[in-house]
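K.L.:
just coords:
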């Protein structure tokens, strides 16, 4: 594993390409590698990783608000995209990768600073030689749904 100081995104990506995707994500989850800068910007983190599965958590706050007084939908979309993409990444070999081709998000309930901690739970639906699909749900601690999404990724081996 390359040594990555701080959250240098180029060095972090290099480290990621040097190991299987699941090991890379476990290193981030466990603090052996830093979270990418987007996580610091939006204050969310990777908390669970398994084969074909990734979970991110965030506690929404007023820093996430849009001009109409609720959390911007982009926060939900970003967490769902992260969960789906990382679920796919768990199944990539060292040197392999993916990128999102298409994502669809449904926002079903408003989020505010009073909502409390949310979990974006991503799962791989299909992993082929060139295409992967995934889904994710954004839920509160009781399992109440706030948003859900699907994604199609191209596999880069």
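P.N.:
Noted; the coordinates are in hand. Keep in mind that what you see is a predicted model, and the values were worked out from it rather than measured.
K.L.:
just to check, residue 103 is in contact with residue 83?
P.N.:
No: using Cβ atoms under 8 Å, residue 103 makes no contact with residue 83, being 11.1 Å away. Any C-beta I mention is one placed from the backbone N, CA and C, and that applies to glycine too.
K.L.:
for the two, indicate the residue with more neighbours.
P.N.:
Looking at residue 103 and residue 83 with other Cβ atoms under 10 Å, you find the greater number of neighbours at residue 83, namely 27 against 17.
K.L.:
quick one: pLDDT of the residue of the chain most remote from its centre?
P.N.:
Farthest-out residue of the chain from its mean C-alpha position, per Cα atoms, centre = their mean: residue 68, at 25.7 Å. You'll see residue 68 listed with a pLDDT of 96.
K.L.:
so it belongs to a helix, correct?
P.N.:
No: judged by DSSP: H, G, I helix; E, B strand; the rest coil, residue 68 forms no part of a helix; its state is coil.
K.L.:
how close does it get to residue 146?
P.N.:
Applying Cβ to Cβ, to the nearest Å, the value for residue 68 to residue 146 is 16 Å.
K.L.:
and what of residue 42?
P.N.:
15 Å.
K.L.:
sketch out the low-pLDDT regions of this structure for me.
P.N.:
Scanning the chain with the threshold set as pLDDT under 70 gives 1-7.
K.L.:
which positions in the helix ranked longest in the chain come out as buried?
P.N.:
Ranked by residue count, the top helix of the chain under DSSP state H comes out as helix 73-89. For helix 73-89, burial by neighbour count (16 or more other Cβ atoms under 10 Å) applies to 75-89.
K.L.:
returning to that earlier point: which one's more surrounded, residue 42 and residue 146?
P.N.:
Between residue 42 and residue 146, counted using other Cβ under 10 Å, the more crowded position is residue 146 (23 against 19).
K.L.:
which parts of this structure are strands?
P.N.:
Under the criterion DSSP state E, strands of the chain are mapped to 44-50, 53-58, 97-107, 118-127, 131-140, 145-156.
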